[in-house]
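S.K.: Dropping the sequence and predicted coords here.
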Amino acid sequence: MAHGPAKGIGRWLFTTNHKDIGTLYLWFSFAMFLLGGSFAMIIRAELFEPGMQIIRPEFFNQMTTMHGLVMVFGAIMPAFVGLANWMIPMMIGAPDMALPRMNNLSFWILPFAFALMASTLFMEGGAPNFGWTFYAPLSTTYAPPTVNYFIFAVHIMGASSIMGSINIIATVLNMRAPGMTLMKMPMFVWTWLITAFLLIAVMPVLAGAVTMMLMDINFGTSFFDAAGGGDPVLFQHVFWFFGHPEVYIIILPAFGVISHIIPTFSRKPLFGYSSMVYATASIAFLSFIVWAHHMFLVGMPIGGELYFMYATMLIAIPTAAKVFNWISTMFRGSMTFETPMLFAIAFVILFTIGGFTGVMVAIAPADVQYHDSYFVVAHFHYVMVAGAVFSGTAAVYYWLPKWCGRMYDESMAKMQFWISFVGFNVTFFPQHFLGLAGMPRRYADYALQFSDWNMVSSIGAFTYGASQLLFLFIVIRTIRSGTPVSEPKVWEGAEGLEWTLPTPVPYHTFSTPPEVK
């Protein structure tokens, strides 16, 4: 007996449609973004002035841990997987993803992973309190009993990422339209293809790290326990061999998004397409051989410090090539400043600032001062928030009319951009000053001389948080009652061919060529 398409909740539970699964990923990631953001609001409320105001130090540590874990693994990564699901099949002319049932599974295990992790907040012993990098022995010998739930949740997230990556690689390599060679693929597809290989390479390393933690905690091994012949520094090596490529896994799809938006609103092709592809591959390769620049203070030999310092600075070269190409694309273009372009330009400026501070912390002798201070927090958020979150927001504004056939309110969207741009900079720029003045990160209390910039930073954080609620309002309003975009139009081509543009035709959906009728 033939069944029709599932209705209601069944449509979403059993869907194998890449657009539905992309939508699920995007809504889930935004829910996690609001959850992780609420943890950040608690942190900034406590740091508004010195002294302990509203929470205990143990809970503060739980908030810093959960904020980092939820934002990195629950908000940013699933958001870009959602964009990949929506856009890659359409960009390469594929009917769907290569492995649609696995696609469904890779999404639906995520809500359970994060429900498991968030539930530790309500368990005896409290949520993990050892920071999002969960260094041993703090996360093994001195961990709360809920650490096992955290380890299980990380395993589930890793399985989801690996399945999603296999799916993307299989789709891109096997399902491109005839005539679309690799060097004709849109940049977003290229960045995700490279990112998927990175994910498959490093996710098992993370799984190994948390499995060794599990063994140390429950089965009497001593991988990270010096008393039993283990080495706590080994944990840092294993974690950062995953963790450094991870930050590029987060930022490479963002580069792809920006490489679509800037050419659209400059009305010029992307400058230096092939160099962009090679720069992306170079960044991916170099990301594997710089992991110990997070560890300049563990007492490594001077030769090791020199190597990791120079290798880290090398990454600045392909990254700078990308920034040069984006600026060259804009140069003498017929630019307009719609909301996606505003976010893209802000991305280029702020990500470059994050890159400069990255070069600063890459200098081993200077890093002795910067290490574990608020300077590192500022650097990281200029890369992650101005990089990943700004580009993700730009992508939603850019492709939302294509997704739902309705146009958002441009003036309201521009207002949301300016509130978030100002809020972001007011939050994180003062943290450079705090770090240089000596304020350590992850502290619930601080000395009186840091109070002014902390107050400014907290005001900025609440401003930025409010802008995200406005973003949510704009998206829902667009989907429910936005202005419908124009109907398909048919033009006669130069050789008598008719070109039909796809149905949603706002001013910025021309990322793929129209179909020949």
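M.R.: Ah, there it is.
S.K.: The helix or strand encompassing Gly10 packs against which elements?
M.R.: Assigned by DSSP states H and E, Gly10 belongs to helix 9-14. Packing partners of helix 9-14 (3 or more CB pairs under 8 Å, 6 or more residues apart in numbering; DSSP states H and E): helix 18-46. All C-beta spots, glycine's among them, are computed from the backbone N, C-alpha and C.
S.K.: For the helix it packs on, buried residues please.
M.R.: Judged by neighbour count (16 or more other CB atoms under 10 Å), helix 18-46 contains these buried residues: 18, 20-26, 28-33, 35-37, 39-44, 46.
S.K.: Make sure Ala444 is indeed in a helix.
M.R.: No. Ala444 is assigned coil when assessed by DSSP: H, G, I helix; E, B strand; the rest coil, not a helix.
S.K.: got a list of what it touches?
M.R.: 46-47, 52, 55, 57, 60-61 (CB atoms under 8 Å, 6 or more residues apart in numbering).
S.K.: mind checking how far it is from Ala378?
M.R.: Distance, Ala444 to Ala378, by CB to CB, to the nearest Å: 19 Å.
S.K.: ok, Tyr408 - contacts?
M.R.: 339, 397, 400-401, 474-475, 477-478, 482.
S.K.: which stretch of helix or strand covers the residue lying closest to Ala292 once chain neighbours are set aside?
M.R.: The shortest distance from Ala292 to any non-neighbouring residue, by CB to CB, 6 or more residues apart in numbering, is to Phe308 (4.7 Å). Element membership for Phe308 (DSSP H and E) is helix 302-330.
S.K.: for this protein, which helix is longest?
M.R.: Secondary structure assigned by DSSP state H gives helix 232-266 as the longest helix of the chain.
S.K.: same question for it, mean pLDDT?
M.R.: Mean pLDDT, helix 232-266: 97.
S.K.: just checking, Met300 touches Ala292?
M.R.: Yes. Counting by CB atoms under 8 Å, Ala292 is a contact partner of Met300 at 6.5 Å.
S.K.: neighbour-wise, which of these two wins?
M.R.: Ala292 (22 against 16; other CB atoms under 10 Å).
S.K.: Roughly how far does the more buried one sit from Leu252?
M.R.: Distance from Ala292 to Leu252, by CB to CB: 21 Å.
S.K.: next one: Asp409
M.R.: For Asp409 relative to Leu252 (CB to CB), the value is 31 Å.
S.K.: So the two - more neighbours on which side?
M.R.: Leu252 (24 against 16).
S.K.: now for the one helix or strand Tyr397 maps to, which elements pack on it?
M.R.: Following DSSP H and E, one finds Tyr397 within helix 390-404. Under the contact definition 3+ CB pairs under 8 Å, 6+ apart, helix 390-404 sits against helix 18-46, helix 77-92, helix 232-266, helix 339-362, helix 410-437, helix 451-481.
S.K.: one more time with 10 Å, if that's ok
M.R.: helix 18-46, helix 77-92, helix 232-266, helix 339-362, strand 406-407, helix 410-437, helix 451-481, strand 483-484 (3 or more CB pairs under 10 Å, 6 or more residues apart in numbering; DSSP states H and E).
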